[in-house]
Structure formats: structure tokens, C-alpha cells
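Enquirer: would you be able to build a 3D model of this:
(one chain, ligands or ions: 3)
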Amino acid sequence: MSISPSESHASEAPAEPKGGVVLGNPASKLDLSRPPILEVDNLQMYFPVRNSGLIRRTVGYVQAVDGVSFQVPAGGSLGLVGESGCGKSTTGRLITRLYKPTAGRIDFDGRNIANYSASQLMPLRREIQMIFQDPATSLNPRHTVGAIVGAPLLIHKVIPKKQVLNRVQELLEVVGLNPEHYNRYPHEFSGGQRQRIGIARALTLQPKLLVADEPVSALDVSIQAQVINLLQDLQREFDIAFLFIAHDLAIVRHFCPEIAVMYLGKIVEISDRETLYNRPNHPYTQALLSAVPDVKQAAIGGRRERIRLEGDVPSPVNPPSGCRFRTRCPIAKEICAKVEPPLLQIGKRHKVACHFAGELGNHPTAPITAGMLGVDDQGNHDPGASPSKDIGNSPGFSDFWFDLKTRTMAKS
Ligand SMILES: Nc1ncnc2c1ncn2[C@@H]1O[C@H](COP(=O)(O)OP(=O)(O)OP(=O)(O)O)[C@@H](O)[C@H]1O
Ligand code: SF4
Ligand SMILES: [Mg+2]
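Expert: Numbering: from 1, shown residues only. Ligands and ions are numbered 1, 2, ... in the order given. Coordinates of the predicted model:
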């Protein structure tokens, strides 16, 4: 891939309003013809909690990520959304292998990198890069922009030293910055410009996968649109796959054809964009979506009723039994405290982890999962039942799924 400035990067005149963010490029589409570049299977990250005594013993674990599975198609993008503290950044840091997972598989381009050593990871650093959540703190204030963007080129000895400055200037131009500003320091730039420096640094080694951790949440709304458009242009131009982390459903809606919703370390719903926004089946997704302003509805005078979740997010050190959302769920029943709901495929590209999965106002009264889990409707062991094996939690989608209307298996 050669780095050349794109005409479209200059197009920062936003056009179409979408849920509070003004965006100029058309929303990206799902391309199922390409195999996944990333497959994450049952990923787990438990951080030890130690006491404060002289002998520091482990007294518990922060279950930051607990059994997360998903795929990111090559050149495509998956959105990862959820409230603060649900484990989004930890998931991103696991994939970039800034953390070593407690358990699980991270298949990147056909190799399981979950347990790679530092020396095995070195060449991989070129292929997976991360844009960090906070542009102000992720850039070294004592280094010039040229040194920051050029460092990966020098460390990985990608090009001869004397060509580094040229390449840095090309990259600054690609992200819409003045190439002559390579000798300035991060504090001499605005927040949006600093985020562009972070993007230029992430692009330096021409990665196949970019983990973008809330790349625009620290920016003004007008600057958000510019940076999102820039990322879309770069994705198209350089065929980069994205794991796009955000807490704002309006932003991932535009960027990502598929979206996973996380709650307290687990994925509770994952689906193609249209299904997730128009027919969410998990009470948590329904609550999150009720808080997103809908421009089309507002234009016709309609209003989506706001679902207010009661209580705080529980501690990931001691999460609730059964379904982790049950302490805040408006439709929780007895089974929810006893049995964890599997991430069940209920459509061609739709999975949901809820015993009472259904569209808003149309949740079933009896759990859909009881039979397949070998329990009765209250979640007690049912000796007469024959539970299904291997339900839920595998990455990707199967050709078969559980049809909620007929309560039988369906096929595409
Ligand atoms: N290094 C660490 N040591 C211990 N606990 C951690 C560590 N990093 C994160 N955590 C905890 O793990 C949980 C998930 O944190 P994480 O940063 O992944 O959340 P997040 O979804 O990215 O939140 P936000 O939207 O605020 O960025 C939190 O409870 C956090 O306190
Ligand atoms: S499993 Fe129960 S508690 Fe969890 S989301 Fe579904 S209804 Fe609510
Ligand atoms: Mg985070």
C-alpha cells in the first residue's frame, strides 16, 4: 500500500444529520464475501484485586471481560458499545495484546495470538494498531509530532532513516494536517488535530486491523464528524478492518455494519445494524436505543419513549448471579437470577443473551431458553429435559438459528 493524500480527506463539509452527529460519507456496508481478519473466542480478562496489607494477597478479581466472542471481517468494521466500565477498552487492549488474556482465543489472520511472547508480538505490532481513547494523554508532550509519528518506522526499521521525514509528512497530509508542522509539539494542536496525529501514528505501519477506542468521544460534535469521515476514507483507501469502540450508538450506527452491545464484561446482543436499531431484542439494547435521538422520527413529530434504567451498574468484582443485567432489568423473572442466558442466535445475523428475548413490548412470558438449558421456567434443574449442547457464545453466525415465532430451528 502506498500512502497518498486522498482528495476526499479535504471534504470536510458535512451533509447528512444522523442522531446528533453530522456526517458526510454514506454509511459503510457489510461485505460477507470476505473471511474474518479477527476472530475472538471466549475472551476473558480478570484483573486481580489485592488487599492493602504488608503481604499483598489477591482477594478477588475484576471480571472486566468474561467470555466475549465475535468476528471482524477483513476490511470491515464491528462496533462495540456499552456503558462506561463494561469492558470495551479492556477488550481492545487484549486484541492489541497490550494485555495478556486470562483465557480465550484471539485468532488474527489465521494465528492464535492470545499467548504470543513479546518477541512473537513484535512483527504483529505492524499489523494491529490502536487509536487511544484520549488524544490529550496518548501523545508524549515532550516529543514533536514528527518523532511521535515516525517512531514506529524507526523501531520496526520499515524504511531507511533518511526517508522517515518524508513518510511522516505524507502521513500528516493523509490525515489532513499541515506536513510542515512536523516539528511542533502536541500542545500546539487542537483536540481534533491531536486525534489526527494519533490516527497518523496508528497508520504509520499500514495495519490490517485498527482498534479505534472512542476515537471521537473527547471531541466537539463538529470535529467528531470530520474525524469519522476521515476514518471512513482511510478504511476504504487502505482496506483497514476496524474494531470501533464507542458508548454512543449514533456514531457506530454510521460507521459499522455490525454492532455488539456489551454489559458488565459480556456481549448481550450482536447483530447487523438495521436489525439492532429497528428490532433490538435485549432489554438493555432497548434502553440504550431509547436514549438515542432519532432525527427521522423527530422530523415527523414522533418520539421514542425513553426507558430509564434503575440503579447503578453492579461491581465487576462481584457481578450478579445468572444474568448480569437482572438487577436493572425491567422484565427480570426468577430464572434470571439462577441461570445465565446463552448468547443465542435468533436470526440470520442476530444473537441475543436473554431468557425473554423479544421486541420491545413483545417479550414472551415464558423463558425461550428453559428447554434447551435443561431447566424449568423458574430455572430449576428439570430431570426430564434434554439440554442442547454448545448453545451460544461461538464467534460468528451459523446457517441455523432459533426462530422466536415458531420456537424451532430455522435455516437461511
Ligand atoms: N488495569 C486494570 N486493573 C484493574 N481493573 C481494571 C484495569 N483496567 C480496567 N479495569 C476495570 O475493568 C472494568 C472495565 O474497564 P474498561 O476500561 O475496559 O471499561 P470501558 O468499557 O472501556 O469504560 P469507558 O467507557 O469508561 O472507557 C472497569 O471496572 C475497570 O475499573
Ligand atoms: S435474562 Fe432476564 S434479567 Fe437478563 S435481560 Fe433477559 S429478562 Fe432481563
Ligand atoms: Mg474505555
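
Enquirer: by proximity to ligand 1, which residue of the stretch 151-300 of the chain wins?
Expert: H247 (5.2 Å; Cβ to the nearest ligand atom). For the C-beta atoms, the positions are set from N, CA and C on the backbone; glycine is no exception.

Enquirer: neighbours of that residue, how many?
Expert: Per other Cβ atoms under 10 Å, the neighbour tally for H247 reads 17.

Enquirer: right, and it touches G79 too?
Expert: No: in terms of Cβ atoms under 8 Å, H247 does not count as a neighbour of G79; the distance is 10.8 Å.

Enquirer: just to revisit the earlier point, what's near enough to touch the residue of the stretch 151-300 of the chain closest to ligand 1?
Expert: Shown in contact with H247 (Cβ atoms under 8 Å, 6 or more residues apart in numbering): 81-84, 88, 214, 217.

Enquirer: with M262 instead?
Expert: 68, 80-82, 86-88, 91, 268.

Enquirer: how about a cut-off of 10 Å?
Expert: Shown in contact with M262 (Cβ atoms under 10 Å, 6 or more residues apart in numbering): 65, 68, 80-83, 86-88, 91, 245, 247, 268-270, 284.

Enquirer: now do L172
Expert: L172 touches 5, 145-146, 149, 178-182, 196-197, 200, counting by Cβ under 10 Å, 6+ apart.

Enquirer: ok, of those residues, which come out buried?
Expert: Those of the contacts of L172 that meet the buried threshold are 5, 145-146, 149, 179, 181-182, 196-197, 200, by 16 or more other Cβ atoms under 10 Å.

Enquirer: could you pull out the buried residues of the longest helix seen in the chain?
Expert: In terms of residue count, the longest helix belonging to the chain (DSSP state H) is helix 221-238. For helix 221-238, the neighbour count (16+ other Cβ under 10 Å) marks 223-235, 237-238 as buried.

Enquirer: narrow the contacts of L172 to those in helices?
Expert: Of these, the ones assigned to helices by DSSP H are 145-146, 149, 196-197, 200.

Enquirer: for the stretch 251-400 of the chain, give me the ranges with low pLDDT.
Expert: 293-304 (pLDDT under 70).

Enquirer: need the contact list for the one residue in it that gets nearest to ligand 1.
Expert: Nearest residue of the stretch 251-400 of the chain to ligand 1: P316, at 4.7 Å (Cβ to the nearest ligand atom). Contact analysis of P316 by Cβ under 10 Å, 6+ apart lists 46-47, 61-66, 85-87, 90, 264-265, 324.

Enquirer: what residues does the stretch 151-300 of the chain put near ligand 1?
Expert: H247 (Cβ under 6 Å from any ligand atom).

Enquirer: which residues in the stretch 151-300 of the chain form strands?
Expert: 209-213, 241-246, 258-263, 266-272 (DSSP state E, counting those that start in this stretch).

Enquirer: wait, P215 touches G198, no?
Expert: Yes: P215 is in contact with G198 according to Cβ atoms under 10 Å; the separation is 7.7 Å.

Enquirer: got the strands of the stretch 151-300 of the chain as TSV, with distance to S52 columns?
Expert: Below are the strands of the stretch 151-300 of the chain laid out as TSV (distance: least, Cβ to Cβ, whole Å):
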stretch	distance to S52
strand 209-213	30
strand 241-246	32
strand 258-263	30
strand 266-272	29
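
Enquirer: tell me which of these sits nearest to Q133.
Expert: Ranking the strands of the stretch 151-300 of the chain by their distance to Q133 (criterion: Cβ to Cβ) puts strand 209-213 first, at 4.6 Å.

Enquirer: what strands line up against the closest one, and which way round?
Expert: Within its sheet, strand 209-213 is paired with strand 128-131 (parallel), strand 241-246 (parallel), according to DSSP bridges.

Enquirer: does ligand 2 have contacts with stretch 350-363?
Expert: Yes: using Cβ under 6 Å from any ligand atom, stretch 350-363 reaches ligand 2 at 354-356.

Enquirer: find the nearest non-adjacent residue to C256, please.
Expert: Spatial nearest neighbour of C256, chain neighbours left out: G79 (3.4 Å); criterion: Cβ to Cβ, 6 or more residues apart in numbering.

Enquirer: the one you found: what secondary structure?
Expert: Here G79 is recorded as strand under DSSP: H, G, I helix; E, B strand; the rest coil.

Enquirer: tell me the spacing between it and L373.
Expert: From G79 across to L373, the span is 29 Å (Cβ to Cβ, to the nearest Å).

Enquirer: pLDDT value on R201, please?
Expert: Here the pLDDT value assigned to R201 is 93.

Enquirer: OK, contacts around it?
Expert: R201 touches 129-132, 138-139, 145, 148-152, 168, 171, 175, counting by Cβ under 10 Å, 6+ apart.

Enquirer: and which of those is nearest to I391?
Expert: Among the contacts of R201, and counting by Cβ to Cβ, the member closest to I391 is M130, at 32.9 Å.

Enquirer: got the contact list for that closest one?
Expert: Applying Cβ under 10 Å, 6+ apart, the residues near M130 are 89, 92-93, 95-96, 98, 138, 198, 201-202, 207, 209-213, 215, 243, 245.

Enquirer: tally of neighbours for A147?
Expert: Using other Cβ under 10 Å, A147 is surrounded by 16 other residues.

Enquirer: next one, pLDDT for it please.
Expert: At A147, the pLDDT value in this model is 96.

Enquirer: my read: it touches Y182, true?
Expert: Yes: between A147 and Y182 a contact is recorded at 8.8 Å, counting by Cβ under 10 Å.

Enquirer: if we can go back for a sec, who has more neighbours, P215 and G198?
Expert: P215 (29 against 24).

Enquirer: how about the more buried one: what's its closest non-neighbour residue?
Expert: Counting by Cβ to Cβ, 6+ apart, the residue nearest P215 is I131, at 4.8 Å.

Enquirer: do the same with L153
Expert: V164 (5.2 Å).

Enquirer: and that neighbour, what does it touch?
Expert: 146-147, 149-151, 153-154, 158, 204.

Enquirer: ok, of the residues you listed, which one's closest to ligand 2?
Expert: T204 (42.6 Å).
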